[in-house]
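**Student:** Next one to model:
(one chain, ligands or ions: 3)
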Amino acid sequence: MPEKTTISVIKCDVGSLAGHHTVPKPLLEIGEECLRKAEKEGIINSHYVFHAGDDLELLMIHERGESNREIHKLAWDTFQKAAKKARDLKLYGAGQDLLKTAFSGNVRGMGPGVAEMEIEERGSDPIVIFAADKTEPGAFNYPMFRIFADPTNTAGLIIDPDMAGGFKFEVLDSIKNKKITLKCPEEMYELIALIGSPSRYIVAHVRRARDNLICASTSTTKLSLIAGKYVGKDDPVAIVRAQHGLPALGETLVPFMHSYFVEGWMRGSHWGPLMPVGLKDSKCTAFDGPPRMVALGLQIAHGKIASDDHGNPLISDLFDDPAFDLARREAVEYAVTLRRMGEFEPARLGSNIMEYTTLPKLLERLKDKFKPA
Ligand code: F6R
Ligand code: MG
Ligand code: MG
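**Tutor:** Residues are numbered from 1 along each chain as shown. Ligands and ions are numbered 1, 2, ... in the order given. Coordinates of the predicted model:
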């Protein structure tokens with residue numbers, strides 16, 4: 001029987017240093033301590049703690065399946081502890097994403113973002129974990145389309161017979177809370193019709209069409225829809241499997257050789273250029289950005305992250321590479337161009353999306369000043 005292993009990435013903005021900028025070491029240490037203890041107690045098999053800008057990211061490998069109470073409780077308790085430390089240090093936005101007080105079995109709907117994937121381990125299972133800051137889950141729509149449906153991106157779609165049947169995309173309508181599955185190449189135009197609007201339609205899962213093999217899973221949390229008001233952007237995470245009848249690692253990274261535009265950035269209210277960065281640059285600066293993404297490469301082996309002889313997980317910081325210098329440079333150039341436009345669309349998001357920001361408060365104040373025209 002193939003081994004069943006679950007990859008859970010659960011993330012939360014528990015408070016950050018110098019504004020909504022970066023997660024400082026004391027909070028990362030709390031994450032590390034809690035997960036190391038859970039590993040000793042046998043709750044998880046292995047882990048890696050990192051951050052994307054101001055979001056604390058917990059990568060946990062275990063055998064308990066998706067939406068498991070113990071795993072979600074572990075993440076929730078870890079975030080609570082880190083938020084307490086953030087409060088003690090008077091860090092900024094301490095406990096920002098912890099929107100509910102009592103844990104009720106699953107962190108979905110409570111503020112933290114979750115991407116999970118239960119896999120039957122293949123002979124060798126290369127995985128990429130993507131994590132972004134100052135943007136929203138729909139930010140993965142464009143790269144997911146390119147990786148799993150665009151033959152100009154993924155040569156394997158044309159020349160690898162194992163990929164011949166294409167891939168199925170499960171798309172969430174985040175407004176109506178309904179999902180639809182569309183198969184590429186046959187339904188590619190319909191897919192683009194939906195996911196071309198990333199603030200509403202979000203690619204949640206991708207599966208290989210011929211055998212339903214799970215290939216990608218993203219977080220789909222919409223904080224504003226939980227809280228009923230603006231509480232920051234949703235800063236998404238995604239898990240992607242690569243190689244051997246799936247897009248190669250290199251094919252999963254090609255979409256990031258150029259910058260592209262995502263919603264979020266300053267006050268969750270602007271279009272911004274996505275900048276792929278190594279972990280050392282995983283911190284938001286100019287205009288609280290530009291929106292950044294990190295990518296970690298690893299192997300799943302016997303229910304764990306493949307590790308060295310001392311038990312340290314082997315992790316490759318994929319965007320820490322000159323191949324992404326052009327995208328970073330483009331991101332800076334696009335950022336400067338957009339910022340020249342100030343608060344005028346299309347630099348600022350359209351008014352329908354601004355309803356989910358702090359703008360309605362201002363409109364409320366102006367309401368009585370409007371007279372019939
Ligand atoms: C965007 C974000 C930041 C803040 C901005 C204002 O997701 O977190 O851009 O919206 O720094 O923050 P406050 O209102 O906390 O001063
Ligand atoms: Mg923050
Ligand atoms: Mg964030």
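**Student:** Can you report how many residues lie near Tyr189?
**Tutor:** By the criterion of other Cβ atoms under 10 Å, Tyr189 has 10 neighbours. Bear in mind the C-beta positions are built from the backbone N, C-alpha and C, glycine included.
**Student:** end to end, how far does stretch 98-108 reach?
**Tutor:** End-to-end distance for stretch 98-108, by Cα to Cα, to the nearest Å: 11 Å.
**Student:** For that stretch, could you pull out the residues that count as buried?
**Tutor:** For stretch 98-108, burial by neighbour count (16 or more other Cβ atoms under 10 Å) applies to 98-99, 106-108.
**Student:** Please apply the same query to stretch 268-282.
**Tutor:** For stretch 268-282, by 16+ other Cβ under 10 Å, it's 268-277, 279, 281-282.
**Student:** do stretch 74-81 as well
**Tutor:** For stretch 74-81, the neighbour count (16+ other Cβ under 10 Å) marks 74-76, 78-81 as buried.
**Student:** quick one, what contacts Gly31?
**Tutor:** Going by Cβ atoms under 8 Å, 6 or more residues apart in numbering, Gly31 touches 49, 56, 58, 78, 82.
**Student:** Could you rerun that using 10 Å?
**Tutor:** When contacts are counted by Cβ atoms under 10 Å, 6 or more residues apart in numbering, Gly31 is found next to 12, 14, 23, 47-51, 56-58, 75, 78-79, 81-82.
**Student:** For ligand 2, give me its nearest residue in the stretch 101-250 of the chain.
**Tutor:** Residue of the stretch 101-250 of the chain nearest ligand 2, by Cβ to the ion: Gly232 (5.6 Å).
**Student:** What is the neighbour count of that residue?
**Tutor:** Residues near Gly232, counting by other Cβ under 10 Å, number 20.
**Student:** Quick check: it touching Leu223?
**Tutor:** Yes - assessed by Cβ atoms under 10 Å, Gly232 is found in contact with Leu223 at 6.1 Å.
**Student:** which neighbours do these two share?
**Tutor:** Both Gly232 and Leu223 are contacted by 13, 96-97, 111, 268, under the criterion Cβ under 10 Å, 6+ apart.
**Student:** Provide a ChimeraX selection command restricted to the buried entries of those.
**Tutor:** Buried subset of those, written as a ChimeraX selection, criterion 16+ other Cβ under 10 Å:
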select :13,96,97,111,268
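**Student:** ok, which of the buried residues of stretch 268-282 also contact ligand 1?
**Tutor:** Counting by Cβ under 6 Å from any ligand atom, Gly268 from the buried residues of stretch 268-282 sit close to ligand 1.
**Student:** List just the nearest of the buried residues of stretch 268-282 to ligand 3.
**Tutor:** Gly268 (9.6 Å).
**Student:** ok, that closest one - contacts?
**Tutor:** 134-136, 223-224, 230-235, 288, 349, 353-354, 356-358.
**Student:** Look up phi and psi at it.
**Tutor:** As for Gly268, its main-chain torsions (degrees, to the nearest 10) stand at phi 60, psi 30.
**Student:** got it, and Phe169?
**Tutor:** The phi/psi pair for Phe169 (degrees, to the nearest 10) is phi -110, psi 120.
**Student:** which residues does it bridge with?
**Tutor:** Leu182, Val206 (DSSP bridges).
**Student:** hang on, isn't it packed against Pro185?
**Tutor:** No - counting by Cβ under 10 Å, Phe169 does not reach Pro185; the two are 11.5 Å apart.
**Student:** Give me the more crowded residue out of the two.
**Tutor:** Taking neighbours as other Cβ under 10 Å, Phe169 and Pro185 compare with Phe169 leading, 27 against 15.
**Student:** distance of the more buried one from Leu362?
**Tutor:** Taking Cβ to Cβ, to the nearest Å as the measure, Phe169 falls 37 Å from Leu362.
**Student:** ok, now Leu91?
**Tutor:** Applying Cβ to Cβ to Leu91 and Leu362 gives a distance of 28 Å.
**Student:** Between those two, point out the one with more neighbours.
**Tutor:** Leu91 (24 against 10).
**Student:** still on that earlier bit, so which of the contacts of Gly268 would count as near ligand 3 as well?
**Tutor:** Taking Cβ under 5 Å from the ion as the test, ligand 3 is in contact with Asp235 out of the contacts of Gly268.
**Student:** Mind checking which of the contacts of Gly268 land in helices?
**Tutor:** 223-224, 353-354 (DSSP state H).
**Student:** Tell me which residues of stretch 27-44 come out buried.
**Tutor:** Using 16+ other Cβ under 10 Å as the test for burial, stretch 27-44 gives 27-28, 30-32, 34-35, 38-39, 43-44.
**Student:** nope, stretch 143-159 is what I was after
**Tutor:** Quick answer for stretch 143-159 (16+ other Cβ under 10 Å): 143-150, 153-154, 156-157.
**Student:** can you check stretch 187-206 too?
**Tutor:** Within stretch 187-206, the residues that count as buried by 16+ other Cβ under 10 Å are 187-188, 191, 194-195, 198-206.
**Student:** export these to CSV and tack on pLDDT and distance to Pro322?
**Tutor:** Formatted as CSV, the buried residues of stretch 187-206 follow (pLDDT from 0 to 100; distance: Cβ to Cβ, whole Å):
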residue, pLDDT, distance to Pro322
Glu187, 98, 37
Met188, 98, 33
Leu191, 98, 33
Leu194, 98, 35
Ile195, 98, 30
Pro198, 96, 29
Ser199, 92, 33
Arg200, 94, 36
Tyr201, 96, 34
Ile202, 97, 32
Val203, 98, 29
Ala204, 97, 33
His205, 98, 32
Val206, 98, 29
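**Student:** Among those, which one lies nearest to Met293?
**Tutor:** Distance to Met293, by Cβ to Cβ, is smallest for Pro198 among the buried residues of stretch 187-206, at 14.2 Å.
**Student:** Nearest residue to that closest one in space, please, no chain neighbours.
**Tutor:** Nearest-residue entry for Pro198: Gly138, 2.6 Å, with adjacent residues in sequence omitted and distances by Cβ to Cβ, 6 or more residues apart in numbering.
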